[in-house]
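In: no sequence on hand, only this structure:
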């Protein structure tokens, strides 16, 4: 039974998303006492202030509820043009709007990319904007050159999976701590 519940949000809608595979690997290798739930954001509309003024759409309300019900959030994001893809940024934009259910919630980002920089651009942008949010920010993690680390749509490289599992374990420790 899990005493710590983490929410995994994937910033890609692609069926064969490598970052979704990374999120599944994190969920399947989470340490004892930690549950990682992969959350589907495909129904979350693009941020629109008019929609927000009319009352946030149901998928946004559900996203906020999911974040508020978990002990920490891991965004799994690809890197597009050395920055955020629209899906990842959209999640951040909606979560930054009332109700801010992420107040005090530990947050991190894991980027899996084909390049050798391991999503450094998106991780730097995450680290640049997230300190302005009321979350407890944790270090980011990157997996690069994933081409030979994925087999049949799953992250299978033992060393990469072990590194990811160690990162999730460190993040779980951060979530359990009282210091941010």
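Out: Perfect, I can see it now. Keep in mind that this is a model prediction, so the values were computed, not measured.
In: ok, so what distance separates residue 119 from residue 72?
Out: From residue 119 over to residue 72 the distance is 20 Å, taken as C-beta to C-beta, to the nearest Å. From N, CA and C alone the C-beta is placed, and that goes for glycine too.
In: show me the strands in this structure, by range?
Out: Under the criterion DSSP state E, strands of the chain are mapped to 4-10, 34-39, 72-77, 106-112, 136-137, 141-143, 150-151, 154-155.
In: out of those, which is closest to residue 16?
Out: Each of those has some distance to residue 16 by C-beta to C-beta; the shortest is strand 150-151, at 9.1 Å.
In: pLDDT averaged over that closest one - what is it?
Out: For strand 150-151, the mean per-residue pLDDT is 90.
In: which residues sit against it?
Out: Where contact means C-beta atoms under 8 Å, 6 or more residues apart in numbering, the residues beyond strand 150-151 that reach it are 18, 21, 156-157.
In: change it to 10 Å
Out: Where contact means C-beta atoms under 10 Å, 6 or more residues apart in numbering, the residues beyond strand 150-151 that reach it are 16, 18, 21-22, 25, 112, 156-157, 160.
In: next one: stretch 155-168
Out: By C-beta under 10 Å, 6+ apart, the list of residues contacting stretch 155-168 from outside reads 6, 8, 18-31, 34, 36, 72, 74, 108, 110, 112, 138-146, 148-151, 154.
In: list buried residues within these.
Out: Applying 16 or more other C-beta atoms under 10 Å to those, the neighbour count classes 6, 8, 18-27, 29-30, 34, 36, 72, 74, 108, 110, 112, 138, 140-144, 146, 149-150 as buried.
In: quick one: the residue nearest the centre of the chain and residue 39, what's the gap?
Out: By C-alpha atoms, centre = their mean, the mean C-alpha position of the chain lies nearest to residue 75, the distance being 0.9 Å. Between residue 75 and residue 39 the distance, using C-beta to C-beta, works out to 10 Å.
In: give the residues shared as contacts by the two.
Out: Residues within reach of residue 75 and of residue 39 at once, by C-beta under 10 Å, 6+ apart, are 7-10, 23, 91.
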